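[1] Any chance you can model this:
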Amino acid sequence: SNFYLRKRTKDENTTTTQVSSINFNDYATLKSVAESMLDVTLLMSNTTQLVGVLEQGPEFKYYVPLIVLISLSLILQIVIFFLLVFSAKTNVTEIDNQKTLNKCNKITIILVGATLLINVVITSLDTQKVNS
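    Numbers count the residues shown, from 1 in each chain. Modelled structure (predicted):
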C-alpha cells in the first residue's frame, strides 16, 4: 500500500501527492520477525539461568523464587512468540484486521514489559549465586 497526502490549494481544488511507497504489511512482518529473534535470545538466556539454578540446588537461598520467575518468564515468552507469529501472518493492510492487530500489539507490549521486569528481578537474584 502506498501512503498518500491530500493538499488544498488556494482555489480549493484538492491535489494528491504520493508521500511514501512503503508496504505496511511487509514492514509489520519484518518487525515481528526481528522481535521474535530477540525473544529467542532471551529464551536461551532464561533456559541457561534455569539450568544454573537447578544445578545450584534447593539449598540456594533464592531457589524457589528463581524457578518460579524463570518459568513465568519462559511462559510469557512463548505467549509473546505466538502473538508475534499471529501479527506477522495477518495482513495489516486489511481494515478488518487492523483493530485486532492493534489489540494484539498492545497485549504484546504489556507482556514484553512484564517479561522485562521479571528478568530484571531474575538477574538481581541470580547474581547472588555462589559459584562452587
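
[2] And stretch 84-104, end to end?
    The first and last residues of stretch 84-104 sit 8 Å apart, counting by CA to CA, to the nearest Å.

[3] Please identify the buried residues of the helix or strand harbouring Lys99?
    Assigned by DSSP states H and E, Lys99 belongs to helix 95-126. Applying a neighbour-count criterion of 16 or more other CB atoms under 10 Å, one finds 101, 104-105, 108, 112, 115, 118-119, 122, 125-126 buried in helix 95-126. From N, CA and C alone the C-beta is placed, and that goes for glycine too.

[4] Determine the set of other helices and strands touching that helix.
    In terms of contacts (3 or more CB pairs under 8 Å, 6 or more residues apart in numbering; DSSP states H and E), helix 95-126 is packed against helix 24-56, helix 63-89.

[5] Which one of those helices lies nearest to Asp96?
    Taking CB to CB as the criterion, Asp96 comes closest to helix 24-56 out of the helices and strands packed on helix 95-126, the separation being 13.7 Å.

[6] okay, the angle between that closest one and helix 95-126?
    20 degrees (axes from the mean of the first three to the mean of the last three CA atoms, to 10 degrees).

[7] Against Pro65, how distant is the closest residue to Ile107 other than its chain neighbours?
    Spatially, and ignoring its direct neighbours in sequence, Ile107 is nearest to Leu83 (6.4 Å; CB to CB, 6 or more residues apart in numbering). Between Leu83 and Pro65 the distance, using CB to CB, to the nearest Å, works out to 27 Å.
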